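Chemist: Fold the stuff below for me.
(one chain, ligands or ions: 3)
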Amino acid sequence: MFNFLDKMRFVCRLASEVLEYVEFYVKPGVSTGELDSLCHNYIVNNQNAIPASLGYHGFPKSVCISVNEVVCHGIPSNKKRLKNGDIVNIDVAIIKDGCYGDTSKMFFVGSPSILSKRLCKVSQNSLYLAIYMVRPGLHIKELGKSIQKFVELENFSVVREYCGHGIGKNFHEDPHVLHYESDDFDCILNEGMIFTIEPMVNVGTCFVRVMKDGWTVKTKDHGFSAQYEHTVLVTKYGCEIMTLRSDEKISKIINHF
Ligand code: MF3
Ligand code: CO
Ligand code: CO
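Modeler: Ligands and ions are numbered 1, 2, ... in the order given. Next comes the predicted model:
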């Protein structure tokens, strides 16, 4: 009935719709545990889908929520309340019909500083710039090279420890999508490949530490960090942004004739 690509388009749309849904609730005073519950219930009851992160390698919650100096894999908690000026990444990954979709964006709580807003903008634009490069024949390492160059021209840094990944019938597959310059894991893009791009950008140095909970990743220097993630499909002449949201001002299908 539905082929693999149709299923991928569907699950990716569901993942992006969770981010659209939760936006209204991201306000000063709400706890990240409450935001997790809202996302969980929406995914399970409204979308009849499965939160991919819940139980993944033992992760205890349904979405990752990473605030300020938390780089990624923040564990939602009822004790962690958002306050004016926070910048918050919510990372939603979903399983539907055996297929995975994965996306994240930054939310502003009240009015963050000019620097925090610039950090988020640079992180998002570094993702967009890489997305615009995606087409068959491209060496995947060119994505990381361009992301790093762009981010460092803005005097920010790119986290090295975590990368984008192939996605489909598994959460994390080949290829590795590095966000910095390297010849490691290079490959040539082909039509039909599906992967995420998800650069983590820091105000200060690129170094990170994993907390004692085994999950929460923070910047070593406690500077703020921002991340945006999309799942993209390589098409004949460019790519399709499978997790595009309605708040984004770019087109879902990018063709370079
Ligand atoms: N969604 C993350 C990614 O972009 C992975 C989270 S795994 C978890 O790849 F276990 F921390 F949820
Ligand atoms: Co991902
Ligand atoms: Co993700």
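Chemist: From here on, just use CA atoms for contacts and neighbour counts.
Modeler: Fine.
Chemist: buried residues in stretch 125-140?
Modeler: By neighbour count on 16 or more other C-alpha atoms under 10 Å, the buried set for stretch 125-140 is 125-128, 130-131, 133-136, 140.
Chemist: could you give the mean pLDDT of that stretch?
Modeler: Mean pLDDT, computed over stretch 125-140, is 98.
Chemist: From the opening residue of that stretch to its closing one, how far?
Modeler: 18 Å (C-alpha to C-alpha, to the nearest Å).
Chemist: likewise stretch 91-106?
Modeler: End to end - C-alpha to C-alpha - stretch 91-106 spans 9 Å.
Chemist: got the buried residues for that stretch?
Modeler: 91-96, 99-106.
Chemist: pLDDT of that stretch, averaged?
Modeler: 99.
Chemist: out of the buried residues of stretch 91-106, which touch ligand 3?
Modeler: The residues of the buried residues of stretch 91-106 that also fall near ligand 3, by C-alpha under 5 Å from the ion, are 91, 102.
Chemist: Nearest to residue 247 among the buried residues of stretch 91-106?
Modeler: Comparing the buried residues of stretch 91-106 against residue 247 with C-alpha to C-alpha picks out residue 105 as the nearest, at 10.9 Å.
Chemist: how far away is the residue of the chain found nearest ligand 1 from residue 28?
Modeler: In the chain, the residue that lies nearest ligand 1 is residue 53 (3.8 Å; C-alpha to the nearest ligand atom). Counting by C-alpha to C-alpha, the gap from residue 53 to residue 28 is 25 Å.
Chemist: Looking at those two, which is more packed in?
Modeler: residue 53 (22 against 15; other C-alpha atoms under 10 Å).
Chemist: quick one: that one from residue 40, how far?
Modeler: In terms of C-alpha to C-alpha, residue 53 sits 10 Å off from residue 40.
Chemist: who touches both of the two?
Modeler: Counting by C-alpha atoms under 8 Å, 6 or more residues apart in numbering, the contacts common to residue 53 and residue 40 are 62-63.
Chemist: If residue 254 is in a bridge, with which residues?
Modeler: residue 239 (DSSP bridges).
Chemist: just checking, it touches residue 238?
Modeler: Yes - between residue 254 and residue 238 there is a contact under C-alpha atoms under 8 Å: 5.5 Å.
Chemist: Contact residues of this protein facing ligand 1?
Modeler: 53, 56, 59, 64, 73, 91, 93, 102 (C-alpha under 6 Å from any ligand atom).
Chemist: ok, which stretches of the stretch 101-250 of the chain are strands?
Modeler: 157-158, 164-166, 173-177, 194-197, 200-202, 208-210, 217-219, 225-227, 230-234, 238-241 (DSSP state E, counting those that start in this stretch).
Chemist: What mean pLDDT does the last one get?
Modeler: In this model, strand 238-241 has a mean pLDDT of 99.
Chemist: what does the fifth one give?
Modeler: Regarding strand 200-202, the rounded mean pLDDT is 99.
Chemist: before we move on, back to that, give me the common contacts of residue 254 and residue 238.
Modeler: residue 132.
Chemist: re earlier: what's the closest of the buried residues of stretch 125-140 to ligand 3?
Modeler: residue 127 (13.3 Å; C-alpha to the ion).
Chemist: ok, that closest one - contacts?
Modeler: Residue 127 touches 147, 197-199, 228-229, counting by C-alpha under 8 Å, 6+ apart.
Chemist: which one of these has the most neighbours?
Modeler: Neighbour max across those (other C-alpha under 10 Å) = residue 199, 30 neighbours.
Chemist: Quick check: residue 210 touching residue 218?
Modeler: Yes - the pair residue 210 / residue 218 is scored as a contact, 6.4 Å apart, by C-alpha under 8 Å.
Chemist: who has more neighbours, these two?
Modeler: Counted by other C-alpha under 10 Å, residue 210 and residue 218 do not tie: residue 218 has more neighbours, with 24 against 16.
Chemist: In CSV: the contacts of residue 127, plus distance to residue 247.
Modeler: Putting the contacts of residue 127 into CSV (distance: C-alpha to C-alpha, whole Å) gives the following:
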residue, distance to residue 247
147, 22
197, 19
198, 18
199, 19
228, 13
229, 14
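Chemist: Sweet, I'm off.
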